[in-house]
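Enquirer: Structure of the sequence below:
(chains A, B, C and D)
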Number of protein chains: 2
Amino acid sequence: MPRQKRQPTTVEAAIVDMRRKISSRALSPGSRLPEEDLAQAYDLPRAKAREVLATLEDRNLITREPNKGAVVSAVDMETTYRLYEVREALDGLAVRLATLNTKPSDWDDVSELFGPSFEESLKAGDIDRHVEAIETFRARITAAARNPVLSDLLERVYDRTRVTIRRVALLPGRAAMGITQYRAVLEAIIRGDADAAEQRIRELNRSARDYIERYKDYVL
Amino acid sequence: MPRQKRQPTTVEAAIVDMRRKISSRALSPGSRLPEEDLAQAYDLPRAKAREVLATLEDRNLITREPNKGAVVSAVDMETTYRLYEVREALDGLAVRLATLNTKPSDWDDVSELFGPSFEESLKAGDIDRHVEAIETFRARITAAARNPVLSDLLERVYDRTRVTIRRVALLPGRAAMGITQYRAVLEAIIRGDADAAEQRIRELNRSARDYIERYKDYVL
DNA sequence: CAGATCAATCGTGTCGACAAAATATTGTAC
DNA sequence: GTACAATATTTTGTCGACACGATTGATCTG
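Expert: Next comes the predicted model:
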């Protein structure tokens, strides 16, 4: 159950926060989510807490059963595989659009982020920092794509893969490989080569998916 | 407001039906959707009617304002354009997967549907039949792709383009062009050429989008 | 007649209460 | 101690009532 917080008070804010909590595993699969707890946590009336739950259910983040309540969904291997199939296509489009919509200097700060400090945080075992850099890059790509429909769908997919991403980053060799691949994507974007950029992020997703399949016992 | 129907009684059924009503313009943009009307129409308590509204809002089919209520959203040109950008990528993936997952004989019935009767229904001005054939084809593709995540996202996109599709089919020359293009897609699928099939449905979507842009005053 | 003010109405927002179902706990018998 | 039955508790489901905001229409005034 989420902890107290007296600020949000709106259904939208509660949904955003719950998505974050679920996709980051601050709430783990199987956790129960009583309406009353939600209502208290976000200072909402129970009717609105139910709206939040209905929305989360429609986003496939929780399942609800009549007279039993809501529990956080687990993501199985099959679904993860399907999520990555879709991600490959959507990320590809996002990167393509981002390349077409930006000029090289727009990526100066990301280049900085992907410089030596990218390896350092990894060597220091700071996975949080590593993942955060990647999330920043992806957020920038999504924004640069300037397609709200795409952003919306990608967020729905990310919400269901975020935890897996984190675990994949811990697998032997994966993070180092990721660094190389993300830099390759960024290089193509800066170079203005949309085809190459799309191709490279597709490869990146495929290789992440391969890792997940190979190490599924540790990741899921 | 939706008319009475004493069967569904479940939130899920109400959502499906409302999605259909909105995307088919049985409910036009700007229509108001009072909670009480929804509740009566589907024989639901008001609390569950609110869950339906919350879900429809999250799917971008309606907008709600505090103390005012819900109205059916209009889809503007900009959004339509973005929807088609995403469709191109998702349809491409769906067709690719469908090609890989099927054998030629799986498409016998669709071939029948896309035979001479395809032109006949158009010549007879039977747009409903024409559009229905296309929807059947797309449903088959989605099912053959065997990716629930993809199906889910595509439905969300279709819900927001369905009306436009219908109107595009009425534009001069578009339907005839569509017939050729859909047949080309089907041919590539049957031939087992996933690359060609994906390329062709992407072209199809692009050309539909071009039509929409050219005739936007009549379509939106 | 224009414009402001007020009243009535409609629909949402919120609360409280309780029924109904599922689950957990306790009690009892063997 | 186990198995089963009865009971208590928890949580969802539903209803009714009413406050509040927004909108509409009527009335009054200059």
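Enquirer: buried sites along stretch A:135-147?
Expert: Residues A:137-138, A:140-142, A:144-145, A:147 are the ones in stretch A:135-147 that count as buried (16 or more other Cβ atoms under 10 Å in any protein chain shown). Every residue, glycine included, has its C-beta placed from N, CA and C.
Enquirer: Give me the contacts around stretch A:80-88.
Expert: The contact list for stretch A:80-88 (Cβ atoms under 8 Å, 6 or more residues apart in numbering or on different chains) reads A:75, A:154, A:157, A:160-161, A:164, A:202, A:205-206, A:208-209, A:212-213, A:220, B:90, B:93, B:97, B:147-150, B:153.
Enquirer: how far is the one helix or strand residue A:87 maps to from where the chain is centred?
Expert: Following DSSP states H and E, the helix or strand that holds residue A:87 is helix A:77-101. The chain centre lies 12 Å from the centre of helix A:77-101; the measure is Cα atoms, centre = their mean, to the nearest Å.
Enquirer: again with stretch A:124-140
Expert: Offset of stretch A:124-140 from its chain centre (Cα atoms, centre = their mean): 11 Å.
Enquirer: so how far is DNA strand C from the residue lying closest to residue A:94 once chain neighbours are set aside?
Expert: Counting by Cβ to Cβ, 6 or more residues apart in numbering or on different chains, residue A:94 lies nearest to residue A:145, which is 4.5 Å off, once chain neighbours are set aside. Distance from residue A:145 to DNA strand C, counting by Cβ to the nearest atom of the strand, to the nearest Å: 32 Å.
Enquirer: and what of residue A:164?
Expert: Separation of residue A:164 from DNA strand C (Cβ to the nearest atom of the strand): 28 Å.
Enquirer: how close does that residue sit to residue B:106?
Expert: Distance of residue A:164 to residue B:106, computed by Cβ to Cβ, to the nearest Å: 33 Å.
Enquirer: cool, and residue A:165?
Expert: With Cβ to Cβ as the criterion, residue A:165 and residue B:106 are 35 Å apart.
Enquirer: and chain A, which residues reach chain B?
Expert: Residues of chain A lying close to chain B (Cβ under 8 Å from any Cβ of the partner chain) are A:11, A:15, A:47, A:50-55, A:58-60, A:79, A:82-83, A:85-86, A:88-90, A:92-93, A:97, A:147-150, A:152-153, A:156-157, A:160.
Enquirer: Please check those and keep the buried ones.
Expert: For those, buried by 16+ other Cβ under 10 Å: A:11, A:15, A:50-55, A:58-60, A:79, A:82-83, A:85-86, A:88-90, A:92-93, A:97, A:147, A:149-150, A:152-153, A:156-157, A:160.
Enquirer: Quick check: residue A:203 touching residue A:180?
Expert: No. Checked against Cβ atoms under 8 Å, the pair residue A:203 and residue A:180 is beyond contact range at 10.9 Å.
Enquirer: Which of the two has more residues huddled nearby?
Expert: More crowded of residue A:203 and residue A:180, by other Cβ atoms under 10 Å in any protein chain shown: residue A:203, with 15 against 9.
Enquirer: helix or strand for that one, which one?
Expert: helix A:194-214.
Enquirer: buried set for the helix or strand just after that helix?
Expert: Toward the C-terminus, helix A:194-214 is succeeded by helix A:216-219 as the next helix or strand (DSSP H and E). For helix A:216-219, burial by neighbour count (16+ other Cβ under 10 Å) applies to residue A:219.
Enquirer: re the thing from before, pLDDT on the helix holding residue A:87, on average?
Expert: If you average the pLDDT over helix A:77-101, you get 97.
Enquirer: From the chain's centroid, how far away is the next helix or strand after that helix?
Expert: Once the chain leaves helix A:77-101, the next helix or strand it forms, by DSSP H and E, is helix A:108-113. On the basis of Cα atoms, centre = their mean, helix A:108-113 is displaced by 20 Å from the centre of the chain it belongs to.
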